[in-house]
Every structure is written in structure tokens, then in C-alpha cells.
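**Q** fold the following, please.
(one chain, ligands or ions: 1)
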Amino acid sequence: MAYVPPHRSRTEGSGDSSSSPVSSSRKGGDFFGHDDGNNSRDGYGSYGGNRGYGGNRGNRGYSGYGRGGRGYGEGYGQRDNGYGGRNGSYSRGDNKRYGQGSFTDGVHHPAPKNEKLERELFGDPAEEKAPSGINFDNYDDIPVEVSGEGTPDPINQFTSPPINELLLENIELSLFNKPTPVQKYSIPIVGSGRDLMACAQTGSGKTGGFLFPVLSSLFENGPSPVANEGNVFARRKAYPSALVLAPTRELAIQNFEEARKYAYRSWVRVCVVYGGSDINSQLRNLERGCDLIVATPGRLNDMLERGRVSLKNIRFLVLDEADRMLDMGFEPQIRHIVDGCDMPCAKDRQTLMFSATFPKEIQVMARDFLDNYIFLSVGKVGSTSENITQRILYVEDDEKKSSLLDILSATDDTLTTGLTLIFVETKKMADILSDFLISQNFPATSIHGDRTQSERERALEMFKTGRAPILVATAVAARGLDIPNVTHVINYDLPGDVDDYVHRIGRTGRAGNNGLATAFLNRGNRNVVKDLIDLLHDSNQEVPDFLSNIARESPSGRGGRGGRGRGRSTPYKDYRKYGGGNSGSSNWGSRSNGYGDNGYGYNNSSSGNGNGNSSYGSNNYSSASSSNSQWW
Ligand SMILES: Nc1ncnc2c1ncn2[C@@H]1O[C@H](COP(=O)(O)OP(=O)(O)OP(=O)(O)O)[C@@H](O)[C@H]1O
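**A** Numbering: from 1, shown residues only. Here you go, the predicted structure:
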């Protein structure tokens with residue numbers, strides 16, 4: 001009989017962690033003043049326990065956020081399992097109340113419905129009857145390109161097959177009526193066992209694009225056999241079947257919440273591990289069983305080093321924001337996780353990569369992790385949604401503050417109906433600007449890598465709930481975050497890389513909604529001007545005359561992307577098809593060149609880490625955490 005680790009055979013308690021893994025110590029930066037004293041009472045930053053941040057149907061928010069003080073490390077879905085290998089059994093004890101199903105003798109047994117948990121995960125059906133503002137019909141005519149051998153036909157509806165029945169029910173509870181374009185293609189592609197590199201515009205449903213087919217397959221096929229490592233430590237190890245990696249803690253948390261929704265009532269237990277919060281509660285949670293793990297790379301590497309996670313059983317590896325995960329900051333950590341531990345090789349797992357942008361040299365590198373993959377691009381890849389109106393204003397540096405005040409005062413409805421996200425380039429500037437706005441009576445807060453994790457989560461919660469409807473952020477908030485009702489993104493400082501701009505403004509205009517993006521630009525930003533003009537053309541946006549003039553003043557040749565010399569003369573396409581050769585060193589410029597420009601700090605230096613406040617947590621692999629901690 002297969003080895004049964006105790007976490008899959010013993011009866012668990014109810015996840016009764018009494019303390020939040022994070023404490024909240026405000027050091028300023030919020031509109032509501034310093035250390036408001038509510039934090040320990042309300043458990044801000046804990047994201048946890050049974051109340052979590054369930055939010056509204058189809059329009060998530062952080063309602064009930066963490067009150068009760070349990071962290072993610074504890075408190076949901078404990079199960080009482082005996083487990084006997086693939087198609088063996090996950091027998092369930094008293095798990096019904098936690099919505100955890102089982103997989104016995106090759107058959108999936110969903111747990112009975114649990115109204116309380118359902119409300120927590122999907123929102124109160126009485127509160128909102130229909131999804132608000134979602135208009136994916138706009139996407140129906142979107143150009144789609146699929147390349148690679150033997151690509152399966154897309155689906156047009158959520159149906160079973162190919163989607164597992166239980167997953168369909170959970171998708172229905174999310175009030176999703178039909179798949180978005182990226183989901184239409186990704187579901188059959190992944191369902192047919194293929195690897196996938198998928199590019200689709202921001203806010204177009206990529207999260208479901210990977211979670212739906214992965215969970216559907218796991219629900220159908222059950223758990224992998226648990227490896228018997230024959231020693232006492234193996235008993236405390238987690239053996240997940242799927243791994244989702246994300247570049248920031250907040251995105252990991254968001255992906256975890258999404259996965260938890262869709263895994264409701266199934267045998268799949270979802271866990272999240274990320275830096276900056278108590279590792280012990282995360283470890284205790286993993287001991288209770290973990291079938292799908294969402295992680296930031298640094299914290300996962302830490303867990304792997306401690307021997308508390310084994311990747312032997314991984315059947316699905318997902319890189320969310322894959323181009324970011326494979327750029328110079330993260331690549332060493334990703335290689336260590338994928339090649340330096342015990343994960344099955346590319347042929348023996350499915351690898352899925354998703355992003356809105358996918359530069360050619362990153363595609364070239366991604367080959368190392370993929371096996372005979374399909375490339376899917378939806379929309380003009382690397383461009384922005386036409387739902388986002390882009391406005392470029394010429395503003396000198398010393399005029400930015402007053403221009404910002406003008407904008408915020410003029411859009412008086414912003415404070416009552418919408419959220420405004422302001423991007424700056426440095427952590428210091430994030431503090432300076434949020435303090436300035438607060439001094440001018442604007443309800444602002446900030447998020448950046450020098451704030452503690454609990455401060456970051458609290459700032460995000462205040463923003464999402466509208467208590468601080470202005471968030472000043474570094475690039476840490478640029479990717480993936482799905483915050484309903486962000487109506488305006490302001491690039492107070494423009495990034496040096498137009499891809500970063502694409503992700504930043506993609507925090508608005510999501511899921512078919514409209515949004516406004518304003519950018520302050522002056523001659524100091526001339527290295528991004530040409531790429532920006534291309535992007536505006538691609539997205540059917542107005543190109544102001546001053547922008548064309550600055551472009552003419554600039555040296556010929558594309559100097560965008562912080563001097564990385566990549567250019568974006570064509571929106572990103574499958575490099576295998578559009579000429580890229582097979583060499584790892586493409587003619588687009590070496591990855592090791594020129595990343596140090598514009599304060600981006602891509603210097604790949606491994607010094608200076610260890611303050612525990614980096615985006616990825618403390619770890620030994622994090623060239624990114626040290627260098628990036630200078631700017632996000
Ligand atoms: N099939 C669907 N029907 C309706 N809404 C959907 C559907 N799929 C996803 N959504 C909603 O669309 C929004 C955007 O989805 P998601 O966050 O997955 O976008 P994304 O493509 O990953 O964006 P980004 O590039 O910024 O990471 C979310 O609020 C999500 O709940």
C-alpha cells in the first residue's frame with residue numbers, strides 16, 4: 001500500500017489558529033492617520049480564516065477581510081484523509097462543513113454544499129443578482145492566433161465535457177456565463193495535454209484561463225500517488241499536484257483566492273505561500289495537505305530548502321506573468337525550482353505560461369521549460385485594451401504635483417464612484433506623494449516594497465473598499481491585480497519599459513469595462529516615446545503632437561525599455577513563426593545588457609537583501625529582491 005503521510009490520514013481540528021500571522025503596525029502613509037489602533041482588533045492584513053475577503057459576486061471586494069485574525073496559514077478546508085495513491089482514496093472525515101471533497105476508488109466525491117463557505121467564497125447571492133459591468137461580448141471579434149502542431153478547436157460555452165461538472169457549478173456560482181477568448185482556447189489546449197504559452201490583454205480572464213483546465217483535470221483524474229520518501233520528515237511534507245508561481249505576494253494571494261473558489265467542494269486543497277508573513281503558520285497549513293500550491297518564488301524556495309514541500313508530484317506548472325517570472329530578476333529562482341529540485345521534467349508535466357506581454361528573448365528562454373508548446377495570442381498582444389482611454393500629458397517634473405492636484409480635483413466623481421491608482425518609480429516617491437496628497441486632504445495610501453506585508457495588505461484593503469480611494473504604488477502593484485472599480489490609472493512617473501506601462505494601465509478597463517489612463521511625460525522619458533507611440537497606434541488612441549515631436553528629436557533606432565534595446569516594432573507573436581531562429585541569444589539584444597537604466601535596478605546583484613520587506617520575502621535566490629527592493 002502506498003505511503004500515507006499523517007497529514008492525509010489523521011483527523012484534523014478546525015484550524016483554530018488564534019493569532020494572525022502578521023501584526024499590523026502602521027508607520028504612516030494612510031489618509032486615516034497613524035496607527036489607528038484597529039489593526040490588531042480587526043486582524044487587518046491577515047486575509048484569513050473563515051471570513052476571508054469574499055467580496056461581492058462577480059465583483060470582488062475585501063468584505064469581511066481578515067476579521068477574526070486568522071491568517072491564510074490556518075483555518076479552512078482541513079480534511080481528514082486517508083489516501084491511497086493515484087485513483088486511490090482521499091476519504092473524508094468531518095470535512096463536510098468545510099466544503100472539502102474526496103477522491104475514492106477513482107471517483108470524485110464532491111462535498112455537500114456549505115452555505116456559509118459559499119457566501120464567503122462567492123459573495124451573498126442576495127446582495128447582487130448579476131455580474132456588474134462585465135462585457136466580454138466586446139471581445140468576440142478579437143483576433144486570435146494559435147500556433148503549434150495539432151491545436152484543438154476552441155470551445156464556445158462552458159459545458160461538460162470538456163469541463164468537469166463540479167467546476168462548472170463553481171463557474172456558475174461566479175456568475176460567468178461564457179468563456180472569455182483566452183479561456184475558449186486554453187481550456188481545450190490544456191485539456192488535451194499540451195503545454196501553452198498564452199498572451200492576452202490585461203483583464204481578459206487569464207486567471208481562469210489556467211485555473212479552469214488545471215482544476216478540471218485534477219477533479220477528473222484525482223491525486224497523484226504520494227511518494228514514499230521513507231523517512232520521518234516526509235510525513236510533514238506537502239506533495240502538491242499543481243504549482244502556480246506569481247511575481248508578487250499580492251498576486252499570489254489573489255490567485256489563491258480564485259483557486260479556492262473554483263476548488264470549492266472538490267478534493268483539491270489549495271494553499272498559498274509568500275514572503276513577508278509568518279512562515280510557521282504557512283508550514284502548519286501545508287502539513288494539513290496541499291494539492292494546488294500558489295507561491296512566490298522566494299518563499300517556495302525557502303520551503304523546498306527546508307524539505308517541507310516536494311515537487312515530485314507536480315503535473316501542472318503555471319507561471320503567471322511569465323515574462324516577468326523569466327526576466328533577469330526571477331530567472332535564477334525559477335530555474336532552481338523547476339530544474340534544481342525534484343519536479344518532473346518538461347515532458348512529464350504540463351507547463352503553462354500566461355502574460356499580457358511576451359518579449360521575444362523571454363520566449364526564447366521559456367523554451368527551456370516547455371515541451372512542444374502551443375502559442376496562443378488573443379488580441380493585439382502586448383497592446384492595451386481599447387476600453388482604456390489613454391491620455392498623455394506633457395508635464396515637467398516640477399509641475400507634476402500641481403498637475404496631479406488639478407486632475408484629482410477635476411474628477412470629483414472619482415472619489416465617490418471610482419478608485420484612482422497612481423504609479424511612481426521609487427518607494428521613496430510613493431511615500432512622499434501619498435503624504436503630500438494626505439496633506440492636501442485627499443484620502444490616499446501607498447503600497448511598495450519597504451512597507452511591511454501587513455501594511456501592504458492593509459493599504460490594498462483600504463483601497464479596494466474605497467476607504468482610501470487613491471493608492472500611490474510602485475511597480476509592485478503593476479501586474480495581475482484585479483481590483484474592481486479602478487476607473488483611473490495615473491502614471492505620475494512613466495516606466496522606462498512600455499510593457500510595464502501596458503501592465504500598469506491594465507489595472508483599469510478590466511473585464512470589458514471602460515477605464516482612463518493618464519500619463520505625465522516630459523523629455524526625460526524620451527527613451528520610451530517611440531514604443532509608446534506604437535502602442536497608442538496599436539490601441540487606436542490619439543497620439544498628441546508633442547509626442548511625435550519628441551520622437552523626431554530622439555535618436556533613430558528604438559531605445560525603449562529602459563535601454564534594453566528590444567523595441568516593439570511588432571506586437572508580440574510566436575517567435576518560432578515570425579523568425580527568431582533557434583539560438584538562445586537572439587538578435588534583439590542581449591538580456592544581460594542595459595538593464596540598469598532608469599532606476600530599474602535590474603542589476604542582478606545579490607547583495608543587500610535580508611530586510612524581509614522585499615517583494616518576494618527573504619531568501620537566498622533572490623537577486624530580484626535585492627535589486628528590485630530599490631524601486632518597488
Ligand atoms: N468567463 C468570464 N466571465 C465573466 N467574467 C470573467 C470571466 N473570466 C474572468 N472574469 C473576470 O474578469 C476579470 C479579469 O480577469 P483576470 O484577473 O483573470 O484577468 P487577467 O487577464 O489575468 O489580467 P492581468 O493581465 O491584469 O493579469 C476578473 O474580475 C474576473 O473575475
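
**Q** and this protein, which of its residues are near the ligand?
**A** Listed as neighbours of the ligand in the chain under the rule C-beta under 6 Å from any ligand atom: 134, 136, 176, 179-180, 183, 200, 202-208, 356, 480, 482, 506, 510-511. (Glycine included, C-beta is placed from N, CA and C.)

**Q** just the ones in helices from those, please.
**A** Judged by DSSP state H, helices contain the following of the residues of the chain next to the ligand: 183, 206, 207, 208.

**Q** what two of these are the furthest from one another?
**A** Across these, no pair lies farther apart than 183 and 207, at 9.6 Å, counting by C-beta to C-beta.

**Q** who has more neighbours out of these two?
**A** Neighbour tally, residue 183 and residue 207, criterion other C-beta atoms under 10 Å: the higher count belongs to residue 183, 29 against 22.

**Q** skipping adjacent residues, who's closest to residue 346 in space?
**A** residue 371 (4.1 Å; C-beta to C-beta, 6 or more residues apart in numbering).

**Q** returning to what we had before: can you say which of the residues of the chain next to the ligand are buried?
**A** Buried by 16 or more other C-beta atoms under 10 Å: 134, 136, 176, 179-180, 183, 200, 202-208, 356, 480, 482, 506, 510-511, out of the residues of the chain next to the ligand.

**Q** tell me the pLDDT at residue 217?
**A** Note on residue 217: pLDDT of 97.

**Q** leaving out the residues flanking it, which one is nearest to it?
**A** Using C-beta to C-beta, 6+ apart and skipping the chain neighbours, the partner closest in space to residue 217 is residue 191 (6.8 Å).

**Q** now residue 350
**A** In space, residue 350 is closest to residue 316, 5.2 Å off (C-beta to C-beta, 6+ apart).

**Q** my guess is that neighbour meets residue 245, correct?
**A** No. Contact criterion C-beta atoms under 8 Å: residue 316 and residue 245 do not qualify, at 11.3 Å.

**Q** those two - which one has more neighbours?
**A** Neighbour totals were compared for residue 316 and residue 245, and residue 245 leads with 25 against 21 (other C-beta under 10 Å).

**Q** got the contact list for that one?
**A** The contact partners of residue 245, by C-beta atoms under 8 Å, 6 or more residues apart in numbering, come to 295, 296, 297, 300, 317, 318, 319, 320, 325, 334, 337.

**Q** helix, strand, or coil at the fifth one?
**A** This points to residue 317. strand (DSSP: H, G, I helix; E, B strand; the rest coil).

**Q** which SS class is the closest residue to it other than its chain neighbours?
**A** Among residues not flanking residue 317 along the chain, residue 351 sits closest, at 4.8 Å (C-beta to C-beta, 6+ apart). At residue 351, secondary structure determined by three-state DSSP is strand.

**Q** distance of residue 351 from the ligand?
**A** Residue 351 sits 18 Å away from the ligand, taking C-beta to the nearest ligand atom, to the nearest Å as the criterion.

**Q** now swap in residue 543 and tell me
**A** To the ligand, residue 543 is 24 Å away according to C-beta to the nearest ligand atom.

**Q** pretty sure that residue contacts residue 536?
**A** Yes. Using C-beta under 8 Å, residue 543 is in contact with residue 536, at 4.9 Å.

**Q** quick one, helices of the stretch 451-600 of the chain?
**A** Listed in chain order, the helices found in the stretch 451-600 of the chain under DSSP state H, counting those that start in this stretch are 453-464, 498-505, 526-538, 545-553, 560-563.
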